[in-house]
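In: The sequence isn't on hand, but the structure is:
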C-alpha cells in the first residue's frame, strides 16, 4: 500500500527509539531484563506497527496498525513515567521523548481519523 520509509509518521517515530536506547543504556543492570527490556520493546513497536500496516493491502488494516502503534506509545509513556519516578531517567530526557511521542501520536490520530472516513 505505502512505502513506509516515505511516511513522515514512520520517520518521526524512529527518533524516540534512538533516544530510548540511549536513555535506557544507563539504567541499573538489574533492570536490564525487566523495565529496560519492556521500554525498548514498546518503543520499537511504534515504528514497527506503522511499517507493518503500511505494507498491508487495505486502509482499514493500516488504520488498525496505527491504533496498535498508539497503544504502544501509551505503554511507553507509562513505562517512562515509572522510570522517572524510580529515579532512572532525568526529567529533561523524559520530556524530550514524551514530546516526540505526542507528536507521533497526533500524526497517527490524524491518519486514523482520515482512514475512518468511508470516502477514503
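Out: Looks like it came in fine. Remember, predicted model here, so these are calculated numbers, not experimental data.
In: Spatially central residue in the chain, please.
Out: Taking Cα atoms, centre = their mean, the centroid of the chain lies closest to residue 46, which sits 3.3 Å from it.
In: For that residue, report the pLDDT, please.
Out: Reading off the confidence values, residue 46 has pLDDT 98.
In: For it, which residues are in contact?
Out: By Cβ atoms under 8 Å, 6 or more residues apart in numbering, the residues touching residue 46 are 13, 16-17, 69, 72-73, 76, 101, 104. Glycine gets a C-beta too; all of them are placed from N, C-alpha and C.
In: Likewise for residue 38?
Out: So residue 38 contacts residue 79 (Cβ under 8 Å, 6+ apart).
In: Now name the helix or strand holding it.
Out: helix 37-54 (DSSP states H and E).
In: just residue 71 next, same as before
Out: Per DSSP H and E: helix 59-85 holds residue 71.
In: same question for that helix, mean pLDDT?
Out: Helix 59-85 comes out at a mean pLDDT of 95.
In: Specify the angle between it and helix 37-54 in degrees.
Out: 160 degrees (axes from the mean of the first three to the mean of the last three Cα atoms, to 10 degrees).
In: In terms of secondary structure, what does helix 59-85 contact?
Out: With contacts defined as 3 or more Cβ pairs under 8 Å, 6 or more residues apart in numbering; DSSP states H and E, the packing partners of helix 59-85 are helix 8-24, helix 37-54, helix 91-116.
In: so where's this structure uncertain?
Out: For the chain, the stretches with pLDDT under 70 are 31-32, 117-120.
In: let's see 80
Out: Scanning the chain for pLDDT under 80 picks out 1, 30-33, 117-120.
In: follow-up on the earlier one: can the helices and strands packed on helix 59-85 go into TSV with extra columns for distance to residue 65?
Out: Formatted as TSV, the helices and strands packed on helix 59-85 follow (distance: least, Cβ to Cβ, whole Å):
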stretch	distance to residue 65
helix 8-24	11
helix 37-54	3
helix 91-116	10
